[in-house]
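Q: Just to be clear, the model below is a prediction. Sequence and coordinates:
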Amino acid sequence: MKTRILLGALLPAFAALAQNGSRPVNDGVSNIILISERVGSYAGQGGGKATAEFGETAVGGAPAKNTVWYRYTAPADGRYVVDITDTQGLRAELRFPGNPATTIPLQTLVDGTSNTIFPDTERLSVDLDRGQTVYLVVDAAQPFGFTWRFAEVVNDHWQDAETISSDGGTLIRANSGATRDTTEANLGLAWPGVWFEWTAPSTGAWYFDLVGSRQWDGSTFDGFGLRVYESASGVPSSLVGSGSGSSLDNSTRVAVNATEGHVYFIACDSGANAPDSQLWLSWYEQGSPGVLAWAQSEYRTSEADGAVYPWLLKLRGDGDGSVQFISETVDGTVPAVNGEDFQIPINVLLALGARAEQVPVTILANTTAETEEAFGVTLVNPTGGLGIQDGTSNTILIGEEIDNAACGLAHREVRAR
């Protein structure tokens, strides 16, 4: 009899344990799941078995009901992105730690309508500093799935592709910290890529290239790659074309027979070199003559070097023409004197199809030591339909090696535009 009474008392307890055992392990802020991978996904999360803890703060402006919790700490400076599959009108928030740790909402999605990026998909994102922590809380009556990714480069993944204008242009972006994921490997990328998205403004022949791209030390203009993909349902699909090699000629140029209104994805990489480059992406219609720009905005040299050879680029086209040079003073520096401290050529001819030309600037030695001097070189009077990129000017710093050891580093870049 005592045994029956004991069993009768234990049966409800076992039932309760069984029910509790089916609750999500991260049901509540005291059981947060730590996410440590940079890229990943979870399926079958949360749902009706999840509960709200006593005193748990509201989610999306409504009382917490079926909440589950996740935590991520940034391994570097970058952006954390969460895409949640939502066919039920769930609520979710990214939160910064507070006191208590759940009281600082950062970004919210409510009822499946606030941050839609694809049908039935919602996005939350935040820029984080290295070591900074962010919480994700999702309140969903039915199980859901989500993916996450952390990128040191904002457009490291195709889902975060930077939208470029329909009209032609050139943009400069860094790829330091870019990674190569499984999707990129399946698309044929051999190296870490960064992504752009372009909608064709008209039907016709367009070009994309990486002319001017280089490693940060200013000496390597080789090993770059560009791939263009068609978009199918908002996802990069078939390869339109690819190019790789030097960024001082047409090696990276890809021709696209664009269709008006169609979307194309562009992936850019710096090859086998570690992704620590300055990528110059240009897009333009076939037949464009091009615009001129200096590859670097600043060089440092010394009189002992005798000369410096800045690269002049022809962006967004490959027509022929010429351009003249004039020298100018640089604010805040001791002015160098043309003919006494340096000599610049009068002009340079850029042949049909040429995309880059080195311009020799002679550095003249003085018999006495001087303080560091500087001068600028400006482009004027282009011919052949060539244009001049806004803001192009080149500053050459001249210094005596005995006064500044840094000047002994020939052609060393100290600032990149």
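A: Looks like it arrived, so ask away.
Q: and stretch 210-230, which residues are buried?
A: 210-215, 218, 220-230 (16 or more other Cβ atoms under 10 Å). (C-beta placed from N, C-alpha, C; glycine too.)
Q: so where's the stretch 51-200 of the chain uncertain?
A: Applying pLDDT under 70 to the stretch 51-200 of the chain flags residues 99-104, 109, 111-118.
Q: Show me the helices in it, by range?
A: For the stretch 51-200 of the chain, the helices defined by DSSP state H, counting those that start in this stretch occupy 182-186.
Q: other SSEs contacting the strand ranked longest in the chain?
A: As assigned by DSSP state E, the longest strand anywhere in the chain is strand 235-245. If contacts are counted by 3 or more Cβ pairs under 8 Å, 6 or more residues apart in numbering; DSSP states H and E, strand 235-245 sits against strand 224-232, strand 254-258, strand 263-269.
Q: switch to 10 Å and redo it
A: Judged by 3 or more Cβ pairs under 10 Å, 6 or more residues apart in numbering; DSSP states H and E, strand 235-245 is in contact with helix 182-186, strand 204-209, strand 224-232, strand 254-258, strand 263-269.
Q: What strands line up against that strand, and which way round?
A: Strand 235-245 sits in its sheet next to strand 224-232 (antiparallel), going by DSSP bridges.
Q: Return the partner strand as CSV; C-alpha atoms alone will do.
A: What follows is strand 224-232, C-alpha atoms only, in CSV (Å, rounded to 0.1, in the frame of the first residue of the first chain):
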residue,chain,number,x,y,z
PHE,A,224,42.9,40.3,-58.8
GLY,A,225,39.7,38.6,-59.9
LEU,A,226,36.2,39.6,-60.9
ARG,A,227,33.2,37.4,-61.6
VAL,A,228,29.7,38.4,-62.7
TYR,A,229,26.6,36.3,-62.0
GLU,A,230,23.0,36.4,-63.1
SER,A,231,20.4,36.6,-60.4
ALA,A,232,17.7,34.0,-60.1
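Q: quick one: that strand to strand 204-209, angle?
A: 140 degrees (axes from the mean of the first three to the mean of the last three Cα atoms, to 10 degrees).
Q: gap between strand 224-232 and the chain center?
A: Strand 224-232 has its C-alpha centroid displaced from the chain centroid by 16 Å (Cα atoms, centre = their mean, to the nearest Å).
Q: Looking at it now, give me its mean pLDDT.
A: Per-residue pLDDT values over strand 224-232 give a mean of 97.
Q: again with stretch 350-369
A: pLDDT averaged over stretch 350-369 gives 88.
Q: Alpha carbons only: can I get it in PDB?
A: The C-alpha coordinates for stretch 350-369 follow below in PDB (Å, rounded to 0.1, in the frame of the first residue of the first chain):
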ATOM      1  CA  LEU A 350      47.500  57.300 -73.400                       C
ATOM      2  CA  ALA A 351      47.200  54.900 -76.300                       C
ATOM      3  CA  LEU A 352      44.000  53.100 -77.400                       C
ATOM      4  CA  GLY A 353      43.400  50.200 -75.100                       C
ATOM      5  CA  ALA A 354      46.000  51.300 -72.500                       C
ATOM      6  CA  ARG A 355      44.600  51.400 -69.000                       C
ATOM      7  CA  ALA A 356      47.600  52.700 -67.000                       C
ATOM      8  CA  GLU A 357      50.800  54.700 -67.500                       C
ATOM      9  CA  GLN A 358      53.700  55.400 -65.200                       C
ATOM     10  CA  VAL A 359      54.600  59.100 -65.100                       C
ATOM     11  CA  PRO A 360      58.300  59.800 -64.300                       C
ATOM     12  CA  VAL A 361      58.800  62.600 -61.800                       C
ATOM     13  CA  THR A 362      62.500  63.500 -61.300                       C
ATOM     14  CA  ILE A 363      63.700  64.500 -57.800                       C
ATOM     15  CA  LEU A 364      66.600  66.900 -58.000                       C
ATOM     16  CA  ALA A 365      69.300  66.800 -55.300                       C
ATOM     17  CA  ASN A 366      70.400  70.000 -53.400                       C
ATOM     18  CA  THR A 367      73.900  70.500 -52.000                       C
ATOM     19  CA  THR A 368      72.500  71.500 -48.500                       C
ATOM     20  CA  ALA A 369      70.200  69.600 -46.200                       C
END
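Q: Show me which parts of that stretch are buried, residue by residue.
A: Under 16+ other Cβ under 10 Å, the buried positions of stretch 350-369 are 350, 354-357, 359, 361, 363-364.
Q: Stretch 156-169 now?
A: Applying 16+ other Cβ under 10 Å to stretch 156-169 flags 156-162, 164, 168 as buried.
Q: before we move on, what about stretch 320-334?
A: In stretch 320-334, counting by 16+ other Cβ under 10 Å, buried: 320-321, 323, 325, 327, 330, 333.
Q: now these in a markdown table, with secondary structure, distance to Glu37 and pLDDT?
A: Shown next, in a markdown table, are the buried residues of stretch 320-334 (DSSP: H, G, I helix; E, B strand; the rest coil; distance: Cβ to Cβ, whole Å; pLDDT from 0 to 100):
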| residue | secondary structure | distance to Glu37 | pLDDT |
| --- | --- | --- | --- |
| Asp320 | coil | 52 | 93 |
| Gly321 | strand | 52 | 94 |
| Val323 | strand | 51 | 94 |
| Phe325 | strand | 53 | 92 |
| Ser327 | strand | 54 | 90 |
| Val330 | coil | 49 | 84 |
| Thr333 | coil | 49 | 82 |
